[in-house]
Every structure is written in C-alpha cells, then in structure tokens.
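[1] no sequence on hand, only this structure:
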Ligand code: APR
C-alpha cells in the first residue's frame, strides 16, 4: 500500500497560473467587499451582482492552466496515495491530473439549486444567468460555500487528515475557519511541510518544516525529495 500523503491547498497554489489570491496586496478582497458578493445576504440582495462576480472568476479559471506546483502533486501519485483537500474553487488540480481532490469551498465550474443543495450541475460555457433554473424550477446559484454558510465537506476532510502519514500545506494564509483548523486533526508525530512565500502563522504544530518559497519553486523540489525516499 502506498503511504497516505495529504495536501491542503489554498489560493497561493494557483497564483502562478494567473488566478488572484484573496488577501495578498493585489488580492480579490482588495477589489471587492466580501459582504457584497460572497454571502447569502448578497445573494438575497442582488443576485445579478453575485452571478457577475462568479462569471468573471469562471472566465479566468477557464483561461488559466495548471502550473508546476499542480503538476508536481500529480507526479507524487506514482509513489504516494495523494489526497488533496483544497480551499480553491478552480479545477486546476483535476485538470493537471490529480485523482483525489476534495473541494471545501465549492467548485466554480458547477451550479446548484438554490432550494435543494443536492441538485448540482456542471455549468455549460462560462456564465450562469438569472433565469437559469434547476429541474425543479428554482434559480441556480454558484456551487460555492459563502461566508456564513456551513462547510459540508469538513467532516470528510477531518477523516482524511487524521489518517495522513505525511501532511503538506501549500499557499494559504490559514485564516479562514473551519478549513484552517484541519491541521489540528493531523497526527503529531508525522512529517509536515508548509510552503508559502509569506510568513504564515500555525501555532503549536510539531514536526513542521517551513519552506518559504513560491509553490512553483518549493513544491517541485520537495516532491523530488519525497519521490527519492
Ligand atoms: N505560491 C505559494 N503561495 C503563494 C503564492 C505562490 N506563488 N503567492 C501567494 N501565496 C500565498 C500568500 O502568501 C498567502 O499566504 O497564498 C496565500 C493566499 O492566502 P489567501 O488569499 O488568504 O487565500 P486562501 O488562504 O486560500 O483563502 C482561504 O478565503 O475568501 C476565501 O473562500 C476563499 O478559499 C478562500 C479562503
């Protein structure tokens, strides 16, 4: 059996593919107010504005390509049972070729019914519009977990993290909960790595190696080392 390697990723892993992060100085939350576009209240108030915000994000994702960091994680699958738990809504891990990807905050390429969360659809093309409806006649919304909403995949993520034999954190500011709390479910004695060009605060974590580099540089190097073990 291959050793279980769990990777927790955030916006930073897609930065070198040209997708903006949220909290860096040129990040999305500098340009937009979270409350206006990424909350249930925003959806109640102005559906067209929310749809437009995510339509723009979707167009960028469609144009983007997986980068060296996404590809490095694909190479790891040769020797490890790789599970990616991502906060990202883009599909770059899947398009690179990673097989096991859990999206905690939803998926930009999917829509779902605004009344029945079990009705989830692939979006054809790049736009979701007012008047696009589920099979039961309700308006479709982006398949995104908004601020103030439950994170339905969290339990599944805890179960995966608890069984990790190696754990990596790549490109996340670790400030959005419950996702950022995932690292506390990882066993104390296993090797852990954190790759991010900025200083990221993770308190009380043992066996942690911090690699202060961009994902496209630091991750391929680490993967090479792990494949050579
Ligand atoms: N390689 C690796 N990391 C990078 C790179 C890069 N090339 N460029 C930037 N980063 C790092 C930043 O230093 C920062 O620590 O990526 C991190 C991005 O942090 P955030 O913008 O806060 O993104 P993330 O942690 O994924 O945000 C969590 O917040 O608004 C939400 O729902 C959204 O899932 C998202 C959640």
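    Sure thing, it's come through. Note that the structure is a prediction, hence the values are computed from the model and not measured.
[2] return the distance of stretch 15-32 from the chain's centre.
    Put simply, stretch 15-32 sits 14 Å off its chain's centre (CA atoms, centre = their mean, to the nearest Å).
[3] no wait, stretch 130-142
    Chain-centre distance of stretch 130-142: 25 Å, with CA atoms, centre = their mean.
[4] contacts for that stretch, please.
    Under the criterion CB atoms under 8 Å, 6 or more residues apart in numbering, residues 43, 47-48, 50-51, 54, 106, 108, 110-116, 119, 121, 128 lie in contact with stretch 130-142. For the C-beta atoms, the positions are set from N, CA and C on the backbone; glycine is no exception.
[5] how does it look with 7 Å?
    Residues from elsewhere that reach stretch 130-142, judged by CB atoms under 7 Å, 6 or more residues apart in numbering: 43, 47-48, 51, 54, 108, 111-116, 119, 121, 128.
[6] may I see the buried residues of that stretch?
    Using 16 or more other CB atoms under 10 Å as the test for burial, stretch 130-142 gives 134, 139-142.
[7] so which of the residues you listed comes closest to residue 174?
    residue 142 (24.3 Å; CB to CB).
[8] tell me the pLDDT of the closest one.
    Per-residue pLDDT puts residue 142 at 98.
[9] identify the bridge partners of it.
    Counting by DSSP bridges, residue 142 is bridged to residue 111.
[10] a strand runs through residue 183, doesn't it?
    No. With DSSP: H, G, I helix; E, B strand; the rest coil as the criterion, residue 183 is assigned helix and is not in a strand.
[11] what is the neighbour count of it?
    20 (other CB atoms under 10 Å).
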